[in-house]
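K.L.:
sequence and computational prediction follow.
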Amino acid sequence: MTDKQRHILALCGGVGGAKLALGLSHMLAPGGLTIVANTGDDFEHLGFHISPDVDTVMYTLSGLANPATGWGRDGESWSFMESLRAFGGEDWFQLGDKDLATHVERTRRLRAGLPLSETTATLCKAVGIHHTVTPMTDGRVRTVIETPHGPLAFQHYFVRDKCEPVVTGFDIKGAATASPAPAFQRALDDPALSAIVLCPSNPFVSIDPILTLKGVREGLEKTDVPIIAVSPIVGGKAIKGPAAKMMAELGLAVTTRSIAQHYASFLNGIVIHDEDAAEEESLRSVCPHVLVTNTVMKSLEDKKRLATDVLDFAKKI
Ligand code: FO1
């Protein structure tokens, strides 16, 4: 089977994960990639349903993403935000004018009774995406961050409070009783599925909400399809976001080994950065297959090269 004939399932959070998803999208035939985006970060804000990770994946794959932030749209204007601020409105979460159209249209469709997965498929088609991008579920899942001062809704922790509060745990509300979205379940059941890739996203708040959905972890534990994680930790730091800070606060070593241990019950292979090559030996006791390569993705070429490395690695497992 050539790379162009394979079906790959990628589990993904926002900015970091979307980079690898973009690389994979270039290496696989149209329809050969299903990207499942976390919706634990979703929230209702200013009357809109915001799906940040779904939108980050959609904008990244369609070339519409803001390259400086990784989230939101390129060439954005901020008239709505400025006018809202002038009225004394809530302005801690930045919604650009173009991005606002996504939230308006998504919210309209959801209120008309359409599921989030169908709404996402329509929006992705409109921006020219030829692969399947699906929210992890059509159910309502909301990640809550536990802190010594009480629980915080995910976006309050992440954006409003800039990830500053100490994290003591996570409550992924609604996940255990929510079913995987139809396209996610179809990918899991597809006899042509040849690998499952955990993108270099935050294990606690991006990947765990997906794994916690009804039947997903059990399904991964049972499948014969190789499951590969790309470590979001490089040289003791997170490539992006609060993963390293969270690990330290939870008393975990900030290493690729901790990432492998987190997924140990189903993981077949882990991809780590050259800088962490010294961890390879100790990793093998947790995860049988280790690939050491350059996992830092700056250019499109980097993303395509890492995607190719991951696909080749999966073939050997
Ligand atoms: N992240 C920020 O750090 N600040 C923002 O104001 C912000 C606005 C925003 C608007 C739409 C969207 O789709 C994403 C947005 N993000 C923002 C990113 C997002 O909240 C996080 O990156 C994810 O939830 C974590 O993956």
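P.N.:
Perfect, thanks for sending it.
K.L.:
OK, contacts around the residue in the chain that the ligand sits nearest to?
P.N.:
The ligand sits closest to Gly14 of the chain, with a gap of 2.7 Å, by C-beta to the nearest ligand atom. Glycine gets a C-beta too; all of them are placed from N, C-alpha and C. Contacts for Gly14 (C-beta atoms under 8 Å, 6 or more residues apart in numbering) come out as 38, 41, 52-53, 56-57, 70-71, 201, 206, 241.
K.L.:
which among those end up buried?
P.N.:
Buried members of the contacts of Gly14, scored by 16 or more other C-beta atoms under 10 Å, are 38, 41, 52-53, 56-57, 70-71, 201, 206, 241.
K.L.:
just the closest of those residues to Lys98, please.
P.N.:
Lys98 lies nearest to Trp71 out of the buried ones among the contacts of Gly14, by C-beta to C-beta, at 12.7 Å.
K.L.:
for the closest one, which non-adjacent residue is spatially closest?
P.N.:
What sits nearest to Trp71 in space, not counting adjacent residues and going by C-beta to C-beta, 6 or more residues apart in numbering, is Thr56, at 5.1 Å.
K.L.:
what pLDDT does the one you found get?
P.N.:
If you check Thr56, the pLDDT there is 98.
K.L.:
not counting its own residues, what contacts the regular element (helix or strand) spanning it?
P.N.:
Following DSSP states H and E, one finds Thr56 within helix 52-62. Applying C-beta under 8 Å, 6+ apart, the contact partners of helix 52-62 are 12-15, 17-19, 21-22, 25, 35, 37-39, 41-42, 64-66, 70-74, 99, 102, 116, 120, 123-124, 127-129, 131, 133, 135, 155, 206.
K.L.:
now stretch 161-178
P.N.:
Outside stretch 161-178, the residues that touch it by C-beta under 8 Å, 6+ apart are 40, 137-149, 151-152, 157, 204-205, 208-209, 212-214, 241-242, 245-246, 249-250.
K.L.:
what is the lengthiest helix in the chain packed up against?
P.N.:
Identified as the longest helix of the chain according to DSSP state H is helix 300-316. Here helix 300-316 touches helix 15-27, strand 193-198, strand 227-230, strand 269-273, strand 289-293, going by 3 or more C-beta pairs under 8 Å, 6 or more residues apart in numbering; DSSP states H and E.
K.L.:
in the stretch 1-150 of the chain, which spans are helices?
P.N.:
Secondary structure of the stretch 1-150 of the chain (DSSP state H, counting those that start in this stretch): helices at 15-27, 52-62, 79-86, 97-111, 116-126.
K.L.:
just send those helices back as JSON lines, with distance to Ala175 too.
P.N.:
Formatted as JSON lines, these follow (distance: least, C-beta to C-beta, whole Å):
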{"stretch": "helix 15-27", "distance to Ala175": "18"}
{"stretch": "helix 52-62", "distance to Ala175": "14"}
{"stretch": "helix 79-86", "distance to Ala175": "31"}
{"stretch": "helix 97-111", "distance to Ala175": "19"}
{"stretch": "helix 116-126", "distance to Ala175": "15"}
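K.L.:
closest one to Glu301 among the ones you listed?
P.N.:
helix 15-27 (9.2 Å).
K.L.:
next, the angle from the closest one to helix 52-62.
P.N.:
If you take axes from the mean of the first three to the mean of the last three C-alpha atoms, to 10 degrees, helix 15-27 sits at 40 degrees to helix 52-62.
K.L.:
may I see the buried residues of helix 15-27?
P.N.:
15-25, 27.
K.L.:
just the closest of those residues to Gln185, please.
P.N.:
The closest of these to Gln185 turns out to be Ala21 (C-beta to C-beta; 19.0 Å).
K.L.:
check contacts around the residue nearest the centre of the chain.
P.N.:
When the chain is reduced to its mean C-alpha position, the nearest residue by C-alpha atoms, centre = their mean turns out to be Gly13, at 1.4 Å. When contacts are counted by C-beta under 8 Å, 6+ apart, Gly13 touches 37-38, 41, 53, 199, 201-202, 205-207.
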